[in-house]
Each structure stands twice: as structure tokens, then as C-alpha cells.
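The following block contains a protein sequence and its predicted model.
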Protein chains: 2
Amino acid sequence: MEPLRVALLGCGVVGGEVARLLTSQAGELAARVGAPLELVGVAVRRAGRERGELGFDAGLLTTDADELVTRADVVVEVIGGIEPARSLVLRAMEHGAGVVTANKALLAADGPTLFEAAAKHGVDLYYEASVAGAIPLLRPLRESLAGDRVTRVLGIVNGTTNYVLDKMDSTGAGFAEAVEQAQALGYAEADPTADVEGFDAAAKAAILASLAFHTRVSAADVHREGITEVSAADVRAAQQQGCVIKLLAICERVTAAAGEAVSVRVHPAMLPLSHPLAQVREAYNAVYVEAEAAGQLMFYGPGAGGRPTASAVLGDVVAVARHRVGGGRGPGESAYAELPVLPMSEVVTRYHVRLHVADRPGVLAQVAGVFAQHGVSIETVQQRQDEAGRAVLVVVTHAATDAALSTTVEDLAELDIVDSVAGVLRVEGGDDR
Amino acid sequence: MEPLRVALLGCGVVGGEVARLLTSQAGELAARVGAPLELVGVAVRRAGRERGELGFDAGLLTTDADELVTRADVVVEVIGGIEPARSLVLRAMEHGAGVVTANKALLAADGPTLFEAAAKHGVDLYYEASVAGAIPLLRPLRESLAGDRVTRVLGIVNGTTNYVLDKMDSTGAGFAEAVEQAQALGYAEADPTADVEGFDAAAKAAILASLAFHTRVSAADVHREGITEVSAADVRAAQQQGCVIKLLAICERVTAAAGEAVSVRVHPAMLPLSHPLAQVREAYNAVYVEAEAAGQLMFYGPGAGGRPTASAVLGDVVAVARHRVGGGRGPGESAYAELPVLPMSEVVTRYHVRLHVADRPGVLAQVAGVFAQHGVSIETVQQRQDEAGRAVLVVVTHAATDAALSTTVEDLAELDIVDSVAGVLRVEGGDDR
């Protein structure tokens, strides 16, 4: 059997590992595919850069990615970012190559362009590594659950923020201190913005929601809040509630006034310790999927790192290569449902609100009155003193629209008896959701 | 687009649900496949039987399964057992139909015959529902991890036994009492043999090992021990050790004297509470997979039941149907590695041994001497009194071959100072494994 030509775009942590595994497992991969996989080139930005042990013939390095993608059966894109990745992937498909990419930013920003190109040229487009690293998640969503109706995806899909929040929870550290620790250990980048502001998770949420609900959802459709405002006091408050704070990517199929819709959002939320996602520690990822027939599923594993991500990439390479050998193609884009994306204001959530209040009778009545005015039902109220001796009122609501909840909080801040709103967090994973 | 003809063999709990979902989700399934799925017949043993609400046209019922399989594009087999399921599946493939089956017993007994027939006739054979119900597990193993080397699969794959062991753990009930509870709640059958003796889990272990290690493994290759000998005292002993007892399906890639081999076994084992599988309660299933590049993954969900199993079946139906529309086939059997299956005696495990001993000095020295004679290293020893005031010695070993461990236990039973061997359990999921 003729070897299948594999071109690699990018040779960073993931790319280097992909090249190494392609070479070291050549015999096994050939047996699984039915033909050998031959690495025909590795496109890099600068040819002269010091790279250490390569694990493949240095003669394969090239700075001419445009040329490389025209002479491959499978193109693996692990450059990241929008350009030149998009142009190269489109060019590869024009030339008849199947594409495997780990590029969540590109997929979430401009997925339909890629899917349409794949359909037009009759080639595969696989991207398992773009969400949750090695955890098989996209294939289960687009294939295993293809006969079911997914109702909800709740995921911890960013390892950096999970590491930071886990440290805050276990050590009592503040946000800045926990980020420094994460940076020192290589869990956070020097500029952690993409992670801590939720951009990375929002891109992944868009990809998950698109697959789960057969609807085009882009990163721009995702309501996004990061974890930079989460304080040590918030973490303590969560603990007092029997909860932990996680940055969640939430994709829900909801029934709105105008019919079915989807809600896609990324924000920190309190989760009860009894929820399976609450136990996900350090930089691990986990995704909880609810489907009408399947029930509740959970997928857990390492969400990042060179080797786990390379494992996901290679699984996709084998899939594309098998199609080259045996014919056929993987499933294309499925966006027939075209469900509208609900604005955040209409999404139904629950709030946990901490107020510093005046220490006198009648406070609770006034506060409860504001909730009632907005039609927000209160689940629990606790009155206590904080470490500084200030009177604190902690209110957990039942489910209400985010608009009603946020207006309630605005009005509470206006009350004379409210000194300050000390914290507001959404609550997820409760029994009434 | 011409409708694709789906024939259903069997109309029990799973079959009925498959038929219902095929009908109720017809529009969505057509959009996902690219062609409508038409249920063309449902084969049952007795036509006249009372079936309640069918969810499909009763005129589709037929007792002539032989005829039905000749006029379908996709045949769904949910009869179970070896015959007539095997003959019908083979006949369906001869007539060019793709097959979706949930039949673990058939696959584990005679998988290669089915795979060879699928290859010969160029048709699909999918069987996600045969292991762990709705949990996407076989597709991840045969596709997502196709570029990786799986080293270990550790699974709770039988809901009945997990329910029984969980009740014993949480209530202190004995085995017989817990089985009665499980039967009363529908978690165990009137004759629970297939579950409690580990036959069901052994069939699943064979399927998992075949996929994980690209090697033919049949149910006959699986070392199997059930949970009928697990006592309330064993459960208490596990608790005292910070462990819980689970019936595990264990598939490992091992390096034996003669080279690489696989170990495939089903037996009850103590698991530390810190292990992710220890938290799997009631009738849930979960499977832990270790791969060289991916690291540690876990899949969790409902392992049985009509709707979850139907979800898995329909995912496979969509896959087969997509191939009918778009061309190509799913991955066939991958058994190139042909690794030998290690006999249980050579498998390396750890033992937890409880002995009733004479209450006098020198006992520990004699007991330790027997372990030493067989080259078995001891990790911990505890001496204590049980509720009846008898002296009990609890020994947990380091890893050794099962032969050395079981001979050690035989010799211990011969010692004068050992009144009885009160319990022997293997220990899994520790740090040194």
C-alpha cells in the first residue's frame, strides 16, 4: 500500500509530540490504518531556531507552509490563532487533503467557512484536540450521541482556571497569588488573559454547543465572564454553602417564549460538592453531558499538555487516513436545527448574593422586598457576622431570568441599609436545574 | 433521498425503546443522516403476545426474522444470546445490511466470525451498546485512541453487581440480602447468575480488551470470579482499610518474561476511596482508561436500561446510515497485535488477607515467614481483635504473581497458629500499580 503523506503545520509542544509519535509508533499506526503514514514536512516560522531533540529528520522542516499543504493527504494544523492557520487549512482542503486541527479559536471564530470548504472539496475535517485535550468528547457528541437529543453540556474545559480556582479553594490564596503559582508551575502563561478572562473556554463552549445542538454557535454568541473578579472571600462563601467555585462552560437547550433555543455561556459558578464536576481538581478537565435517552454522562481526563493533545490529534489522523484507504468521509457539519441563541438576560439561572448590611431589625424585610418586586423567589437566607464583625446577609435564589436577578442586585445596592454588595455568583448543578 | 430501511430484531425493553425513538425523532434523525430512516419490520418470537403501547405500527411485527433481514439496509439486533442472533446477523450481512448489535455474549463468544463476515461483505458492524450502555466507550477506544497505546482499562461494567456491592457497603447488608433488594427494585434478575458470577462483566472485558490491545480476546480467555463469596465482613474489612469493594473488569498490557502480553480478568477487588472508580454508586458504570500519550481518562454514566442502551444503539444506526448515504465504512476489526493472554497465575496483583490466628506471641513471625518463603513482600500488617474477640491478622501485600499469592494463602491455612483464612481479596488502584 502507498504511504499516506502527513504534513504538520507547527512544531511547538503539541506538534513536536505529534511528529514524535508518528515516527515512534509508525508500525502500529500502519497496522491500524492499513497503510503507512509518512511525515512529509513540518512547517515552522523560522527554520534556524534551536529546537533540541526533534524525533524526526531535520530535513523535513520547512518555512514554506503554502507549498507543503499541496503535497499531503492529511494536514495537521497545530499553529493556533486565526491567520495564517485559516488560509493554510483552506488551501490544504482545496488541494484535496483531509485536515486535523486543534485550533479552537479558528473553529469558534469561523467554523462554518471551514466546514463549507470541507464539504465542497469532499474532504474530512476533524478537531477532537480543540476541546478538552485527550478527552474523547467531540466524537462522542457528533457520533455516539447522534441518535439522541442532548439537553445540556456542563464542562470544566480550561485547565489553567481550574488550577487557579482549585488552589484558591484548597489554600485560601487570592486570585493574583494563585495565578502566580500557576505561572511558576507552567499551568498559566505569562499573559494569562485568554484563560482567566474565559476566552479559551468560550471558544470551546461554542464548539460544544454547535455539535450538541446541531446549530451554528460562534465565540461571539457566547456570554463570557472570567474569573478575575473571584475573590478569596467568594471562595470562603462558597465553602460555607457546601460548594466550590468552578469556571463552567454551559450549553443548554431551553424552551423560551418563542420556542426552542440554546443558551451558551462561560462564567464562574458555585457548584455543590455533591456534583461530579466539583471533584475535578488541579488542571484536569471534565465534561458532563445530559441527553434525553442516554441520561447523565461524564468524561474526565487531562485537558491540555503536549502528549494528551497529540493523542487526540493522532486519533483524528488515523480516522482521516482510514477514510483515504477504505473510502468514505467522517460526518460533516450538522447545523440543520438552526436554534436561536438566547441572550444572557433571558437565561434562567440562580444567584448567590452576599450583602454587607446595617445591623438592625427590618433589614431582611427590606431586602426580601426588593427580590419580591422583581419576582425573584428566595431559596435560603443566612444572617451572620463576617471576620471584621460586619453584618452579612447571604441570599440564594431560586431560578429566575438573569435580567431579573441582575436588576435585583442593582436595586439592592441602592438600599440605605445595604453598605455594599460583597459578592454575586451564579449557582449551577442544583436539583431544580 | 430514498429512505434507509431499518429492521429491528427483538422488541424487549431496548428494542421497544429503539423503535419508539426511531419514530419520535424521525425528523431529526433524517437531518443528521441525510436520508429518512424507515422502520420496515420488528421481528419477535410470538406475534400474539400482549405488548402494551408499541409506539409504531403493529403491522410491522413479524415472526419471520429470516425474511426481514433480507430487506433492510441496517439491521439492529437486540435479541441477545448466541442463537438465533448469530445466524440472523450473519444472514443480514450476507444480504448486504450493516449491523448494529448490543449483544455482548455473542461478540465475546464468537466476535471474529462476525468481523470476518462484515469484512467479507463490506458492511458495517457496530456494537457500542454491548458494553456500558449509553457511555460512549467503544468508539473512543477504536477511534479516538487509535493513535495512542492503551495500557490499562479498569471498569465497573455491570450495574447489578455495583448496586449490590454499594448496598452492602452503605447498609452493612450481606450478599443475599443485598441481592434481594436489587431484585425488588429491578436492578437484578430473578436468576442473577450472569451478573453476580461475573459472566456479563467477563464478556464486556473481552470486548474491551480486544479493542484496547488490537488482539482477539474471547470470554473464554477472561479469568472470572463473581461476587457471591463477598461477605459483609469483607466489606467491613475494606472500609477499615479506607477501601471499597468493586467488581472490576481489568484489561492490562503487561511485559511478561516472553515479551508483551495482555491480562484480562474480572474479579472483586478492594479499591482505595481516593480512586475515581470508588465513587461510582448504585447501578452506574464507569470505565477508567490509561493510555501512554493521553494519560488517565474516565467515562461515566448509566450502564444499562432501555433508554440509555437505545441511545447507544441509535448512535450506531446513524453511523451505519451515514455510510450508506455518504459512502465508506466504519473501522473493521483490528487484531494485528496478536498479543498472548497471560494465565491468571502469572498476573501480578496484590492481596489483602485476613486471618483468624492464635492469640500468642510469635504468630506474626510465622505468618511473615510464609510470605517470605514465596517471595511475597508485605506492605502492611495489622493485628487486632474482631467483634467476637478473636485475634485477627490483616496483611496487605506488595505486588506479586497471583500464583505466589494464592500458594502463600494455601500454606497459611496449613499453619497451626492460623485458625482460619477469614478473607482474601485482591487490591487494585494503588500507587504501585
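Alright, I've got the coordinates.

and the one residue in the stretch 51-200 of chain A that gets nearest to chain B, what does it touch?
Nearest residue of the stretch 51-200 of chain A to chain B: A:Gly147, at 2.4 Å (CB to the nearest CB). C-beta coordinates here come from the backbone N, C-alpha and C atoms, glycine included. Counting by CB atoms under 8 Å, 6 or more residues apart in numbering or on different chains, A:Gly147 touches A:293, B:21, B:25, B:29, B:311, B:313-318.

what's the spacing between stretch A:193-211 and its chain's center?
Stretch A:193-211 has its C-alpha centroid displaced from the chain centroid by 4 Å (CA atoms, centre = their mean, to the nearest Å).

which parts of it are buried?
Buried residues in stretch A:193-211, counted by 16 or more other CB atoms under 10 Å in any protein chain shown: A:194-211.

just checking, which of those residues belong to helices?
Counting by DSSP state H, the buried residues of stretch A:193-211 place A:194-196, A:199-211 in helices.

hmm, stretch A:37-46 in reach of chain B?
No: Stretch A:37-46 is not in contact with chain B by CB under 8 Å from any CB of the partner chain; minimum separation 9.4 Å.

quick one: buried residues of that stretch?
A:37, A:39-44.

What are the contacting residues of that stretch?
So stretch A:37-46 is contacted by A:3-11, A:15, A:19, A:22-23, A:26, A:29-30, A:56, A:60-65, A:68-69, A:71-72, A:74, A:88, A:317, A:321 (CB under 8 Å, 6+ apart).

for chain A, what spans make up the helices?
Using DSSP H, helices in chain A cover A:13-24, A:26-33, A:65-68, A:85-94, A:104-121, A:138-139, A:159-171, A:175-184, A:193-196, A:199-213, A:232-240, A:306-326, A:363-373, A:402-414.

so which residue of the stretch 201-350 of chain A comes closest to chain B?
The nearest approach of the stretch 201-350 of chain A to chain B comes at A:Gly328, 1.0 Å away (CB to the nearest CB).

residue contacts, that residue?
Contacts of A:Gly328 (CB under 8 Å, 6+ apart): B:323, B:326-329.

give me the beta-bridge partners of it?
Beta-bridge partners for A:Gly328, by DSSP bridges, are B:Gly328.

pLDDT at it, what is it?
On the pLDDT scale, A:Gly328 is placed at 90.

Can you pull the domain assignment for chain A?
A:4-133+A:306-326, A:141-302, A:344-427 (automatic domain parsing).

Compute the first-to-last residue distance for the shortest one.
Distances were taken as CA to CA, to the nearest Å; on that basis the terminal residues of domain A:344-427 are 15 Å apart.

repeat for the first one
Domain A:4-133+A:306-326 stretches 12 Å from its first residue to its last (CA to CA).

What parts of the stretch 251-400 of chain A come near chain B?
Going by CB under 8 Å from any CB, the residues of the stretch 251-400 of chain A near chain B are A:276, A:279, A:291-302, A:305, A:307-308, A:310-319, A:322-323, A:326-329, A:331, A:334, A:336-337.

Drop anything exposed from these.
Looks like these have A:276, A:291-302, A:305, A:307-308, A:310-319, A:322-323, A:326, A:328-329, A:331, A:334 buried, using 16+ other CB under 10 Å.

one step back: what's the closest of the buried residues of stretch A:37-46 to A:Asn103?
Of all these, A:Ala43 has the smallest distance to A:Asn103: 14.2 Å, by CB to CB.

what pLDDT does the residue of chain A positioned farthest from its centre get?
Each residue of chain A has a distance to the centre, and by CA atoms, centre = their mean the biggest one is for A:Pro361: 45.5 Å. Listed pLDDT for A:Pro361 reads 88.

show me what contacts it?
No contacts exist for A:Pro361 under CB under 8 Å, 6+ apart.

gap between it and A:Gln383?
11 Å (CB to CB, to the nearest Å).

Please apply the same query to A:Thr228.
In terms of CB to CB, A:Thr228 sits 29 Å off from A:Gln383.

Hmm, A:Ile250 is touching A:Ile156, no?
No: using CB atoms under 8 Å, A:Ile250 is not in contact with A:Ile156, being 10.9 Å away.

Need the per-residue pLDDT for A:Ala117.
Listed pLDDT for A:Ala117 reads 98.

repeat for the one 3 residues further on
pLDDT recorded at A:Lys120 is 97.

Same check on A:Glu50?
65.

Could you pull up the residues touching A:His352?
A:His352 is in contact with A:237-238, A:241, A:270, A:394-397, A:423-427, counting by CB under 8 Å, 6+ apart.

Filter the residues you listed down to the buried ones.
By neighbour count, with 16+ other CB under 10 Å, these hold A:237-238, A:241, A:270, A:394-397, A:423-427 as buried.

so of these, which ones are in strands?
A:270, A:394-397, A:423-427 (DSSP state E).

list the contacts for A:Ile227?
A:Ile227 makes contact with A:161, A:164-165, A:175, A:196, A:198, A:245, A:247, A:268, according to CB under 8 Å, 6+ apart.

What of A:Ser345?
Contact partners of A:Ser345, counting by CB under 8 Å, 6+ apart, are A:401-403, A:406.

now the residues you listed in JSON lines, with pLDDT, neighbour count and distance to B:Thr349?
Putting the contacts of A:Ser345 into JSON lines (pLDDT from 0 to 100; neighbours: other CB atoms under 10 Å in any protein chain shown; distance: CB to CB, whole Å) gives the following:
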{"residue": "A:Thr401", "pLDDT": "96", "neighbour count": "18", "distance to B:Thr349": "56"}
{"residue": "A:Asp402", "pLDDT": "96", "neighbour count": "22", "distance to B:Thr349": "53"}
{"residue": "A:Ala403", "pLDDT": "97", "neighbour count": "14", "distance to B:Thr349": "59"}
{"residue": "A:Ser406", "pLDDT": "96", "neighbour count": "16", "distance to B:Thr349": "57"}
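
With adjacent residues omitted, what lies nearest to A:Asp386?
Leaving aside its chain neighbours, A:Asp386 sits nearest to A:Val392 (5.0 Å; criterion: CB to CB, 6 or more residues apart in numbering or on different chains).

Just give the number of residues close to the one you found.
For A:Val392, the neighbour count with other CB atoms under 10 Å in any protein chain shown is 21.

related to what we said a few turns ago, tell me the one among the buried residues of stretch A:37-46 nearest to chain B.
Nearest to chain B among the buried residues of stretch A:37-46, with distances taken as CB to the nearest CB, is A:Leu37, at 9.4 Å.

Can you name the residues bridging to the closest one?
A:Leu4.

these two touch, right, A:Leu273 and A:Lys246?
No: A:Leu273 lies out of contact with A:Lys246 (CB under 8 Å); the separation is 11.1 Å.
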